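Peer 1: Need the 3D shape of this:
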Amino acid sequence: MSSPRRVVWAAGGVLWRHAEVGVEVAIVHRPRYDDWSLPKGKAESGELLVTTAAREIVEETGYEIRMGRQLCTVEYRLHSGAQKKVGYWAVAATGGEFVPNHECDELRWVGVEQATALVSYSADRRVLHEFGSQDVVDLRTFVVVRHAKAGRRSRFHGDDRQRPLEPEGRRQAAALVDLLGLFGAHRLHAADRLRCIQTFEPLADALRTDIVSEPLLSEEAYLADPDASFGRLRKIASHGGAVHAVCSQGGVIPPVLERWAELDGVEVPASRNRKGSVWVLTLRGDALVSIDHIPSPIA
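Peer 2: Residues are numbered from 1 along each chain as shown. Model (predicted):
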């Protein structure tokens, strides 16, 4: 009986910026292979794939970045026989400049069509095609988080609104600082439950900002008036400028996202709705373009 084929995971992205001619994307030259490709690299042990993408792009290009929507995952066979899977994201350049390094000695900013013609691999052309399917300039990000672990309701004595995070939940909350930072989250909202507020407290401290209380986004408020909860979430998402993030509860997030997705014809990723999980919504105006799901802030 043959053994299962080994899978090598990697991640990268289409790094883009505004230019006079429209949108430019970055392709890099790797002297080791003498090829032109999108920046990417192998995942490290214990690393979320989106974190791999961000780390590799920064290491290979020198640019400061903000993560956007997930584009696709490509697969191909390595010479060793292992299967390689590479996840790609749309990634905005927010500052910095190219720094030649041991992996990439040259970077070119070109239009999407020119990049598609220049890259050496069909997998990169597929990723660029997916990137070009949406006008990235008009897209914005909105983040929804289920509160971190807070133990069982049946084991907590007292007002359940005051049930705090347990130690593992606090570890999840701490991990959210870096994860949500990748997407540029700066404005924080939480249902008026202690466990929701505590989930965002480490990030609020890091950003030196306040957490806006959202009574309409608790489970009790949703059960009493689903339309009001849905309307409030969409209202928060409609704010322009900084990226907003909301922390709510397990009985609110799935039905609200399903309703919104059905309205705009978007597919909601399958999930177990775990505590601490993250949904990254990409919007154009008030309309959903896509929903990405990260099952846990900890790999």
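
Peer 1: Give me the phi and psi angles of the closest residue to Leu118 other than its chain neighbours.
Peer 2: In space, and not counting its chain neighbours, Leu118 is closest to Trp36: 5.2 Å by C-beta to C-beta, 6 or more residues apart in numbering. From N, CA and C alone the C-beta is placed, and that goes for glycine too. Note on Trp36: its backbone torsions stand at phi -110, psi 130 [degrees, to the nearest 10].

Peer 1: Tell me what Trp36 is bridged to.
Peer 2: Following DSSP bridges, Trp36 is listed with bridge partners His29.

Peer 1: Can you get me a residue count around it?
Peer 2: Trp36: 20 surrounding residues under other C-beta atoms under 10 Å.

Peer 1: For stretch 74-87, buried residues please.
Peer 2: Residues of stretch 74-87 classed as buried: Val74, Lys84, Val86, Gly87 (neighbour count, 16 or more other C-beta atoms under 10 Å).

Peer 1: what are the ranges of the strands in the chain?
Peer 2: Ranges of strands in the chain, per DSSP state E, are 7-19, 22-30, 35-37, 40-42, 63-77, 83-96, 106-110, 140-146, 185-191, 211-214, 243-248, 278-284, 287-294.

Peer 1: can you pull the contacts of Gly95?
Peer 2: Tyr63, Glu64 (C-beta atoms under 8 Å, 6 or more residues apart in numbering).

Peer 1: quick one: it and Val110, what's the gap?
Peer 2: Applying C-beta to C-beta, to the nearest Å, the value for Gly95 to Val110 is 20 Å.

Peer 1: Now Gly285: closest residue in space that isn't a chain neighbour?
Peer 2: Excluding the flanking residues, the one nearest Gly285 by C-beta to C-beta, 6+ apart is Asp138, at 7.7 Å.

Peer 1: where does Tyr76 land on pLDDT?
Peer 2: pLDDT for Tyr76: 87.

Peer 1: how about it, what does it touch?
Peer 2: Shown in contact with Tyr76 (C-beta under 8 Å, 6+ apart): Gln83, Lys84, Ala123.

Peer 1: what's the neighbour count on Asp264?
Peer 2: Asp264: 14 surrounding residues under other C-beta under 10 Å.

Peer 1: Kindly confirm whether my reading is correct that it touches Leu288.
Peer 2: Yes - Asp264 is within contact range of Leu288, at 4.2 Å (criterion: C-beta atoms under 8 Å).

Peer 1: follow-up on the earlier one: mind putting the strands of the chain in CSV, distance to Gly158 included?
Peer 2: Shown next, in CSV, are the strands of the chain (distance: least, C-beta to C-beta, whole Å):
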stretch, distance to Gly158
strand 7-19, 43
strand 22-30, 53
strand 35-37, 56
strand 40-42, 48
strand 63-77, 39
strand 83-96, 42
strand 106-110, 57
strand 140-146, 22
strand 185-191, 18
strand 211-214, 20
strand 243-248, 21
strand 278-284, 29
strand 287-294, 32
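
Peer 1: Which among the ones you listed is found nearest to Glu258?
Peer 2: strand 287-294 (10.0 Å; C-beta to C-beta).

Peer 1: Can you point out the buried residues in the helix ranked longest in the chain?
Peer 2: The helix that spans the most residues within the chain, counting by DSSP state H, is helix 167-182. Neighbour counts over helix 167-182 (16+ other C-beta under 10 Å) mark Gly169, Arg170, Gln172, Ala173, Ala174, Ala175, Leu176, Val177, Leu179, Leu180, Gly181, Leu182 as buried.

Peer 1: This completes my enquiry, with thanks.
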